[in-house]
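Student: coordinates for the following, if possible.
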Amino acid sequence: MNTFDRRLNAAWWALRLGLAAEQIVAGCDKFFNKLTDWSMYLSPVATRMIPVEPNHFMRAIGIAEIALGVLLLTRWTKIGAYLVMLWLVGIVMNLLTTGNFYDLAVRDFEVAIAAFALAQLSAVRDAAVATKAGAAAA
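Tutor: Numbers count the residues shown, from 1 in each chain. Take a look at the predicted model:
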């Protein structure tokens, strides 16, 4: 399939902007804890493994999430979406090992599926753009 159905553009933009905003907002809040106390979501397994205080660790996580959100807004949306998907699966695994927060684990798994959908849409969209550019150059 070398064409990208223009009707899919709205879905692509909604997923791209929504996932980027979610990553950037959650990442920024790791510094301020206005939405929640993020360190409470770390499993006991994770807190034993990390060599720093949970609040400091969550700030580093915040920087990574902000970077992932920004990556989604660049020309590397497909790569960013796959990374966000993997990131969220990691969060799901952490949440499952807490023995709590199963509802959040389900939600984050669903968001990971949305990131996968964005990556797939981006792959098709990128191929269509490349085909169109190749046709215009010929």
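
Student: which residues touch residue 110?
Tutor: Residue 110 makes contact with no residue under the criterion C-beta atoms under 8 Å, 6 or more residues apart in numbering. Any C-beta I mention is one placed from the backbone N, CA and C, and that applies to glycine too.

Student: what of the one 4 residues further on?
Tutor: For residue 114, the contacting residues are 15, 18, 19, taking C-beta under 8 Å, 6+ apart as the criterion.

Student: how far away is the nearest residue to residue 43 once chain neighbours are set aside from residue 110?
Tutor: Distances taken as C-beta to C-beta, 6 or more residues apart in numbering put residue 97 closest to residue 43, at 4.0 Å, once the chain neighbours are dropped. From residue 97 over to residue 110 the distance is 19 Å, taken as C-beta to C-beta, to the nearest Å.

Student: and the lowest-mean-pLDDT helix or strand in the chain, which residues are buried?
Tutor: When the helices and strands of the chain are scored by mean pLDDT, DSSP states H and E, helix 102-137 comes last with a mean of 90. Under the neighbour-count criterion of 16 or more other C-beta atoms under 10 Å, helix 102-137 has 105, 108, 111-112, 114-119, 121-122, 124-125, 128 buried.
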